[in-house]
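Chemist: everything below, folded, please.
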Amino acid sequence: MSTENKTTGTVQMKKEIGVFGGISIIGGIMIGSGIFYLGSYVLQRTNMSMGLALLCWVVGGIVSILGGLCFAELGACDPKSGGMVVYLNRAYHPAVGYSFGFTSWLISGSGSIAALAIALPTAMRNFTDLSDTAIKVIAIVLIVGLTAYNCLGIKLGSMLQNVSMVAKMIPIVIILLAGLFLGKQSPDLSLVPEGTDVSFSGMLAMIAFATVATLWAYEGWTNLNPVAEEMKNPGKDLPKALIIGIGAITVLYTLFNFAIYRVLPHDQVVSMIEADNLYLGTEVAKTIFGNAGGGLILATQLIAIFGSLNGMIIAFPRYYYEMALDGHFFKNHAKLHPKYAVPHVALISQAVISIILVLMKSLDELTSLVVFAGMVYNVLVILAVIVYRKKFPDMERPYKAWGYPVTVIIAVVIFGALMINTLVEDPKTALLGLAVPVIGVIVWYLFDRKLKNEEK
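Modeler: Residues are numbered from 1 along each chain as shown. Below is the predicted model of the structure:
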């Protein structure tokens, strides 16, 4: 939202996004770096069981669809710019919506940027022998360089986004089709990990922990709601875009990983992952097309990750800029550059936090941290469907979540179970993911108290 819109109300958002546009937004955000390396983490967490890993990709998609149904109802009945911030504010308290933005600033948004910055040089390990230190140095250079570039104006930054969707789809389609039709392996898709004696409860815990890894690849479907105000018919188009988009990407991710299993023998996959060579898709391309194919896939992966990284660096500072305009964040974050009209202070502070996270965390740790922090707010927004129906019974609802309240309760239970499982399996990451939102609420009250004192 522009400053003019806040102060004069003369600038109105244009309703130009239809169903296909909504699906494109979801696909552009969801299909990022995760699909290239997260399959390795899912396999690790399922004791290298290909059948169990594929099941986790399906479960991750179903969980996302159930959450999407709830977001669809909220977006259809309350089609305001801001998405989750609006729903959390109206359902609970302004401090809750603020804590979402604060968590994005300190963990989820900055953590996503840090994870992508690390993922890009990690993808190059198939071709160059990069140390962990070199990867972190390259990640920091990427963050600094793209932040400086985006401080020169939104027009320059948006130029890098024009080809991102195509760049992301090229390697996925090539690997998927080549693997399905040219692969000669018959992967073992049994659901019991080979050579292990796992109890039923242990199996459920394993599935839950591995599903958390898939949710990073599915991350992004919540970002259609912030543009609901700019959709032609949000009451109908937003639910369709969410359901079709998440459903299609679930099929795509599952087939993509199956295609990898069709080409690479199980023993080779295990040895690659044990050697910390996570990019199985690149190996598939090299196996089928030779080094030229591997080089093409690597180049396309790098472009895709680079585009996603640039998009996040552009988008997230707008949250912090809005928070500052409302008087509940650092005042300098509400400043726009006098020449380039971008929130340069917010861009720079985001870069600083992202660099700190690069230095502190590994790619796997950042993935869990970002997903866990996101799940906390996903649960609150899903519950907001029930709160909205109780609090605003007369609100027009062009779309209602299928199977309400059963589907809403199931979604909450699943996300809640995943959170608890992460708390058990990775308590340090989970506790940090819980602590930051609490700190965000405290910070809101401190700024609110200061604001009230200034108004006296």
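Chemist: now the helices for the stretch 251-400 of the chain?
Modeler: Taking DSSP state H, counting those that start in this stretch, the helices of the stretch 251-400 of the chain run over residues 266-274, 280-315, 317-325, 344-360, 363-391.
Chemist: export these to CSV and tack on mean neighbour count, mean pLDDT and distance to Ala114?
Modeler: Placement of C-beta: from N, CA and C, glycine included. Shown next, in CSV, are these (neighbours: other Cβ atoms under 10 Å; pLDDT from 0 to 100; distance: least, Cβ to Cβ, whole Å):
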stretch, mean neighbour count, mean pLDDT, distance to Ala114
helix 266-274, 15, 92, 22
helix 280-315, 21, 80, 10
helix 317-325, 22, 77, 15
helix 344-360, 20, 92, 4
helix 363-391, 22, 79, 6
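Chemist: just put the ones you listed in TSV and tack on distance to Ser186.
Modeler: Shown next, in TSV, are these (distance: least, Cβ to Cβ, whole Å):
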stretch	distance to Ser186
helix 266-274	10
helix 280-315	16
helix 317-325	48
helix 344-360	41
helix 363-391	30
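Chemist: just so I know, which of those lies nearest Glu455?
Modeler: Checking the helices of the stretch 251-400 of the chain against Glu455 by Cβ to Cβ gives helix 317-325 as the closest, at 16.1 Å.
Chemist: now the angle between helix 344-360 and the closest one, please.
Modeler: 120 degrees (axes from the mean of the first three to the mean of the last three Cα atoms, to 10 degrees).
Chemist: name the helices or strands packed onto helix 317-325?
Modeler: Under the contact definition 3 or more Cβ pairs under 8 Å, 6 or more residues apart in numbering; DSSP states H and E, helix 317-325 sits against helix 94-103, helix 344-360.
Chemist: and those helices as JSON lines, adding distance to Ala324?
Modeler: Putting these into JSON lines (distance: least, Cβ to Cβ, whole Å) gives the following:
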{"stretch": "helix 94-103", "distance to Ala324": "10"}
{"stretch": "helix 344-360", "distance to Ala324": "7"}
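Chemist: quick one: closest of the ones you listed to Ile382.
Modeler: Across those, closest to Ile382 is helix 94-103 (Cβ to Cβ), at 13.7 Å.
Chemist: and that closest one, what's buried?
Modeler: By 16 or more other Cβ atoms under 10 Å, the buried positions in helix 94-103 come out as Ala95, Val96, Gly97, Tyr98, Ser99, Phe100, Gly101, Phe102, Thr103.
Chemist: what packs against the helix or strand following that helix?
Modeler: Using DSSP states H and E, the helix or strand that follows helix 94-103 in sequence is helix 109-122. The contact analysis (3+ Cβ pairs under 8 Å, 6+ apart) places helix 109-122 against helix 34-45, helix 132-150, helix 280-315, helix 344-360, helix 363-391.
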